[in-house]
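Engineer: Structure for the following, please:
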Amino acid sequence: MSSSNPELGQAAGDSDTGVGRVVFFVAIAFSAFQIYTAAFSPLSSSVVRAVHVGFLLLMVFLLSGQKLGTTGRVISYAAGVLGFVLAFYHWVFEADLIFRAGTPTDLDIVVGVITVVLVFEAARRVMGFALPLICALFLAYALFGNHLWGALQHRGYAFEQIVDQMGFGTEGIYGIPTYVSSSYIFLFILFGSFLEQAGMIKLFTDFAMGTVGHTKGGPAKVSVISSGLMGTINGSGVANVVTTGQFTIPLMKRFGYRAAFAGGVEATSSMGGQIMPPVMGAVAFIMAETIDVPYVEVVKAAIIPAILYFATAFWMVHLEAGRAGLHGLPKEECPNPWTAVRERWYLILPLAALVWLLFSGYTPLFSGTVGLGLTVLLIMGAAAMQGVGSMALRVIFWVGLALATSAFLKYGIVTFFVLAAVLVAVCYVVRDGRSTLRLLVTALADGARHALPVGIACALVGVIIGVVTLTGVATTFAGYVIALGKSSLFLSLVLTMLTCLVLGMGIPTIPNYIITSSLAAPALLELGVPLIVSHMFVFYFGIMADLTPPVALAAFAAAPIARESGMKIGVQAMRLAVAGFVVPFMAVYAPALMLQGGNWIDVVYIVVKALIAIALWGAASIGYFQAKLQWWERLLAMAAAFSLVVAAPATDEIGFALTAAFVVLHMLRVRRLRAA
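Structural biologist: Numbers count the residues shown, from 1 in each chain. Below is the predicted model:
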């Protein structure tokens, strides 16, 4: 979900130029607007969405314009300002737009066309041509689909109707994705930005290094654990690669891992952050809104597959270390994990509070606001206490913070602002306090910059949703999948998987999920797949697209760090991410894997079966178990794993029998080798 363009990779706070300072303050204003509207809800949802898109356009064109020539720079800046100003058209004329909904005026059409064009261009600058081209094809279908033939032909729609659908209302660029981006997603990205600035990356890395760094293949296991922990707060695969990967990939190479394998481990682990609750790459919030279920239900469905995913990656690097004879770091070089926790324990509190609130039935908007507020208070409070020598004052602060938190939950956001104002004053006068205030301001700016790719993608894929809603083309696609599924559900699942992988090439996970869930998920639902399972199926394979060559975004992000071909890294990532390919199929045939139906015995049984299947896939893929495998052992392990995945009559019995045969024969051979 991070930008692929270098000019958008610059810090928003770059103050070398006047424009850099402008961008910095615009980013702070953007974050302040989002926090204010989330806390007090002073504006209608339609106005918040419009201003949100306006800020996105302004920042994208300001940032990207800095790399252009004089003429291009002026045009880019003007486009950004125009996009921002047009956002207020929805605010000023809100009542009139509601009154004349469906019958736009000439001025409405002009504003709508310009806004849609600017969103397309902003998306091109942020993430290249792939997503804009797909959205343009859908838009062309709405405009000219009446000239097609067969099932794809529609009745035809007036230009004014299409502009009204795309540029106004709640089914175009201001649809559900933009609503979620302007409320939940931005807050959670800002939440992650504050935690990163406060040192959460170092906490996770030190903890992972201290716990598994000294074990067999320790550096790779550090990558799996630290990237998984980072995924809980930012949910961005590519961003994880370029942050934790800067440390873990060189470390893996230094201890003997091949460059391609090291890059594959980091790419696989980082992409897993998008299926790890509570953030899940922000798709969880969009999924909950799309299928109208509580957010906690999406998290419940995702938790077991996420654990299986990271267990697989951990197991695979353990096997690779055994095959290659790799060892961990010396124990004395590993930091003490509990020292790291003791020094930064307070950073865990906002994350714990966030999870508790979400599972207690509070809305993601309220939970995200509380989590963000607690993060800010804790960072400032810790800095303020560092400048205070008295232990009594520190105790008073933490007790006061606990009371303020309870008041925050009961009486609202005003309590937060009062306490924050007090802490700002304290930080301003105590030692090192002003540096903390600068950290918080930087976090505000960085959060807004990190939200650009996600926000622009959410706005643009609204075009696809608008076309699908207007023309009903999803019904046509679903018809083909359903017809195929009548003869074989497995073939329908394979077709859906390939669709997700192809559409996901070069497209971030959020738009990929929105596209595939609009087209393919309804078909799976018609074939009897449970609602959440059908959406999780397309979501998982949207993530796998970022690991699948030839366009594997996470693998190519790791390539310059590993100094290896992105294609080779992608191949290794596919081997390591076998759970991402296997678990969705298992969940369709056994929904208990996603806690959809069945009792606890069913859940335990399918989890155990999945663990065995994944262990066998890993051994067959790496070619190692207790020792290097012979070719017939690899075939036996693969056959056993496949039998456990396919939920046909008697296949479980066959799978368990083959598993027992593989383990017994392999252990006997290993015993003979050791005796010799």
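
Engineer: use CA for all of it now, contacts and neighbours both
Structural biologist: Noted.

Engineer: where does Gly54 land on pLDDT?
Structural biologist: What the model reports as pLDDT for Gly54 is 94.

Engineer: ok, it - how many residues close by?
Structural biologist: 24 (other C-alpha atoms under 10 Å).

Engineer: Looking only at the helix or strand in which Val53 is found, what residues are buried by neighbour count?
Structural biologist: Element membership for Val53, per DSSP states H and E: helix 45-65. Using 16 or more other C-alpha atoms under 10 Å as the test for burial, helix 45-65 gives 46-65.

Engineer: what's the angle from the following helix or strand past that helix to helix 45-65?
Structural biologist: Downstream of helix 45-65, the first helix or strand assigned by DSSP H and E is helix 70-92. Interaxial angle of helix 70-92 relative to helix 45-65 (axes from the mean of the first three to the mean of the last three C-alpha atoms, to 10 degrees): 170 degrees.

Engineer: avg pLDDT for the helix or strand just after helix 70-92?
Structural biologist: Counting by DSSP H and E, the next helix or strand C-terminal to helix 70-92 is helix 94-99. Mean per-residue pLDDT for helix 94-99: 87.

Engineer: what comes into contact with stretch 59-79?
Structural biologist: Where contact means C-alpha atoms under 8 Å, 6 or more residues apart in numbering, the residues beyond stretch 59-79 that reach it are 7-8, 19-20, 23, 26-27, 58, 80, 118, 122, 125-126, 449, 452.

Engineer: Ends of that stretch, what's the gap?
Structural biologist: 11 Å (C-alpha to C-alpha, to the nearest Å).

Engineer: For the remainder of this discussion, apply numbering that starts at 792.
Structural biologist: Sounds good: first residue 792 from here, last item stretch 850-870.

Engineer: What's the mean pLDDT across the longest helix along the chain?
Structural biologist: Longest helix of the chain, by residue count under DSSP state H: helix 1224-1262. In this model, helix 1224-1262 has an average pLDDT of 83.

Engineer: now the angle from it to helix 836-856?
Structural biologist: With the same axes, to 10 degrees applied, the angle from helix 1224-1262 to helix 836-856 works out at 110 degrees.

Engineer: in helix 1224-1262, what's buried?
Structural biologist: 1224-1225, 1227-1228, 1230-1259, 1261-1262.

Engineer: you'd agree Leu1420 is up against Leu1407?
Structural biologist: No. Leu1420 sits out of contact with Leu1407 when judged by C-alpha atoms under 8 Å, with a separation of 11.7 Å.

Engineer: between those two, who's got more neighbours?
Structural biologist: Leu1407 (25 against 20).

Engineer: Please, which helix or strand holds the more buried one?
Structural biologist: helix 1391-1413.

Engineer: What residues does the nearest residue to Gly1246 once chain neighbours are set aside make contact with?
Structural biologist: Ranked by C-alpha to C-alpha, 6 or more residues apart in numbering and with sequence neighbours excluded, the top spatial neighbour of Gly1246 is Ser972, at 5.8 Å. Counting by C-alpha under 8 Å, 6+ apart, Ser972 touches Val1245, Gly1246, Cys1249.

Engineer: Could you verify that Ser972 is part of a strand?
Structural biologist: No. The assignment for Ser972 by DSSP: H, G, I helix; E, B strand; the rest coil gives helix, which leaves it out of any strand.

Engineer: What distance do you get for it to Ala1242?
Structural biologist: On the measure of C-alpha to C-alpha, Ser972 and Ala1242 end up 8 Å apart.

Engineer: Ala1093 too?
Structural biologist: Relative to Ala1242, and taking C-alpha to C-alpha, Ala1093 is found at 23 Å.

Engineer: And Ser974, by the same measure?
Structural biologist: Taken as C-alpha to C-alpha, the span from Ser974 to Ala1242 is 12 Å.

Engineer: For the stretch 992-1141 of the chain, which residues score under the pLDDT cut-off?
Structural biologist: Residue ranges of the stretch 992-1141 of the chain with pLDDT under 70: 1023-1028, 1030, 1070, 1072-1073.

Engineer: can you give me the helices for it?
Structural biologist: Ranges of helices in the stretch 992-1141 of the chain, per DSSP state H, counting those that start in this stretch, are 1009-1025, 1028-1045, 1050-1063, 1074-1082, 1086-1115, 1128-1135, 1139-1150.
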